[in-house]
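1. okay, predicted coordinates and the sequence, questions at the end:
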Amino acid sequence: MKPSNLLWPVGLGLCLVFMLGPLVLVVLFSFGTNALIGFPMGGLTLAWYERLLADASFLAAFRTSLLVAAATAIIATATGTLAAFAIARASPALAHWSLALVSVPVLLPPLVIAIAIVVLFVRGIGVGLGVPVVVLGHVLVTQPFVILVVLARLATFPMASVEAARDLGATRWQAFRLVTLPQIASALIGAALIAASISLDDFIIASFTLGGGNTLSTFVWGKIRTTLDPSINAIATILLVLTVGMSVLALRLARYRG
Amino acid sequence: MSRRRDALFLAPAMAVVGVVLLAPLTLLLVISFWTVRSFKLQPDFSFEAWTRFIVNYGGLTVYTLAIGMLTALICIIIGMIFAFGVRFRAGRYADALVLATLLTLFGGYLVKIYAWKSILGADGIINQGLMRLGLVGAPVPWLLYNRGAVVLTLVHFLLPFAILPLYAALRNVSTASIEAARDLGATSAQTFWRVVLPQCHAGIIAAFTFIFLLAAGDYVTPLFLGGSAGSMLGQFIALEFSTRFNWPAGAAMSFGLLGASAVVLAAFWLLLGRRRAA
């Protein structure tokens, strides 16, 4: 084999190590007895996970994160799907501009979005901060992704089947529930999972708008800042498994429909 | 009838954009002209915060934008190499490599920052390796808390945002057009610059826009890995809202950052647009 034939496999391999290596290390060391990341990693242990499960503040943060992610997923999937249906039918100009407007939050620094929300909710309307405000912020950031996933699904959707149902006497709602929904359901679940994983991963918006308490990411942040607590590896692994697991599932559902 | 229903369907999403984005940003802009007297926010029409931004943070803003551009540039170069390899050289591993890229996309913003701190730190994996090999006697401290560590971590975090649009663009480049160029006597470099690259125009613009904005607007990475030499503007914006409680200053700095970023993007788009026309 000529050396030049090895160039591409080696290059691609190095890129892959760069992308995945740091994450693999974190997961690996969450099972090690040593307190710090470093080799030898000591024996295998589940102690860090056991310690977390006994930690009330971790469990509270976990619950808050799941609540925020679930609420975000449900609301963003609803607003995003409705918008996608409208955009799919709208004139090209209207579709273009409404898509551009809802996508603005994806391009803004989360920091600016977060402080703007704080300014409005604390000073502007004076309702204060908390879980509902975090959810609103996450819906803003995730609904463009829902719209893109649903639009992609609708692009190959046989509209004739809905028209056929209507011709056969189905009401608009019956046609949606019995014909459209079963065909787009997997895309909707995929979109909801993507929204949930973005919500779980967010630190910046949550840290500014939560007020009191913790989500998983603000909990991790508190630990990173204060001590070198080895249970960070375990929390990080839990976060990774949740977000990566949900996005893998989402990709499967959105791409290959049932 | 159907138009009214479309408007109704769009309403919830637009309401979210209005209440959670447009109204807050408008108020933030208004507040940038207010003043703070003895820790109290006072409605005003003053350019105090803006003057302060330009005088105190002008240099840091330019530096922050430079870090954003550097990160975008490195991501696009590595991303192009990776995407090109996946598209034309990876064969049956292509799907697995794209999946691996997607995996790193949605998870682990803080996890990635923390991982790099563990890798580059004084008792991190690189220092341990160097010491075990006998290359250094004591841990090398300069791996962490500098600009390099910030750019490295930002590149790691944002690389998928370059790979995915570039790969999407390369998928539309036919192997036939490349073979035609080679048959007509072009070298591989010529083929890449004159056949492949021009067809990736939209992918490069999308990658640069996204990565530049996210990198220039980040504040957690420099806060955690940058030390004093690697500070970026976002950290000081966050500070005005967390401990210093000077909202007008933070507001002016936010819009200053957005405005300056828009100028960079406009320049980049013009530059690339002109190159394509030439």
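-> Looks like it came in fine.
2. hey, let's count contacts and neighbours off CA atoms from now on
-> Noted.
3. for the chain, what spans make up the strands?
-> Reading this off chain A. Applying DSSP state E to chain A gives no strands.
4. I was thinking of chain B, sorry if that wasn't clear
-> B:35-37, B:40-42.
5. which one of those lies nearest to chain A?
-> strand B:40-42 (9.6 Å; CA to the nearest CA).
6. list the contacts of the closest residue to chain A within the stretch 151-278 of chain B.
-> Using CA to the nearest CA, the single residue of the stretch 151-278 of chain B nearest to chain A is B:Gly217, 4.9 Å away. By CA atoms under 8 Å, 6 or more residues apart in numbering or on different chains, the contact list for B:Gly217 reads A:108-111, B:233-234, B:257.
7. quick one, longest helix in chain B?
-> If you go by DSSP state H, chain B has its longest helix at helix B:48-88.
8. what packs against that one?
-> On a contact count with 3 or more CA pairs under 8 Å, 6 or more residues apart in numbering or on different chains; DSSP states H and E, helix B:48-88 meets helix A:3-29, helix B:94-106, helix B:147-158, helix B:160-171, helix B:201-216, helix B:233-242, helix B:247-277.
9. shaky segments in the chain?
-> I'll assume chain A. The model of chain A has pLDDT under 70 over residues A:1-4, A:35-42, A:227-228, A:255-258.
10. sorry, I should have been clearer: chain B.
-> B:1, B:107, B:274-278.
11. let's see 90
-> Applying pLDDT under 90 to chain B flags the ranges B:1-8, B:35-49, B:85-148, B:171-183, B:185-202, B:224-231, B:241-246, B:271-278.
12. how far away is A:Pro105 from chain B?
-> For A:Pro105, the distance to chain B (CA to the nearest CA, to the nearest Å) stands at 8 Å.
13. residues near the nearest residue in space to that residue that is not next to it in sequence, how many?
-> Closest residue in space to A:Pro105, ignoring its immediate chain neighbours: A:Val141 at 5.6 Å, by CA to CA, 6 or more residues apart in numbering or on different chains. A:Val141: 31 surrounding residues under other CA atoms under 10 Å in any protein chain shown.
14. next: B:Asp95.
-> Neighbourhood size, B:Asp95 [other CA under 10 Å]: 13.
15. same check, this time on B:Ala266
-> For B:Ala266, using other CA under 10 Å, the count is 13.
16. cool, A:Val17 as well?
-> Neighbours around A:Val17, by other CA under 10 Å: 13.
17. gap between it and chain B?
-> A:Val17 is 11 Å from chain B, by CA to the nearest CA.
18. hmm, back to that, whichever of the contacts of B:Gly217 end up buried, select them in ChimeraX.
-> Listed next is the ChimeraX selection for buried residues among the contacts of B:Gly217, using 16 or more other CA atoms under 10 Å in any protein chain shown:
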select /A:108,109,110,111 /B:233,234,257
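19. for the contacts of B:Gly217, give me a markdown table that also has distance to A:Ala164.
-> Shown next, in a markdown table, are the contacts of B:Gly217 (distance: CA to CA, whole Å):
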| residue | distance to A:Ala164 |
| --- | --- |
| A:Leu108 | 43 |
| A:Pro109 | 46 |
| A:Pro110 | 45 |
| A:Leu111 | 49 |
| B:Leu233 | 58 |
| B:Gly234 | 55 |
| B:Leu257 | 53 |
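20. taking the contacts of B:Gly217 together, which two end up most distant?
-> Within these, two members stand farthest from each other by CA to CA: A:Leu108 and B:Leu233, at 14.7 Å.
21. not counting sequence-adjacent ones, nearest residue to residue 207?
-> By default, I'm working from chain A. Nearest residue to A:Ser207, sequence neighbours excluded (CA to CA, 6+ apart): A:Thr218, at 6.0 Å.
22. meant chain B, my bad for not saying
-> B:Ala207 sits nearest to B:Ala162 (CA to CA, 6+ apart), 4.8 Å away.
23. does the one you found touch B:Phe84 like I think?
-> No. Taking contacts as CA atoms under 8 Å, B:Ala162 lies outside contact range of B:Phe84: 11.8 Å.
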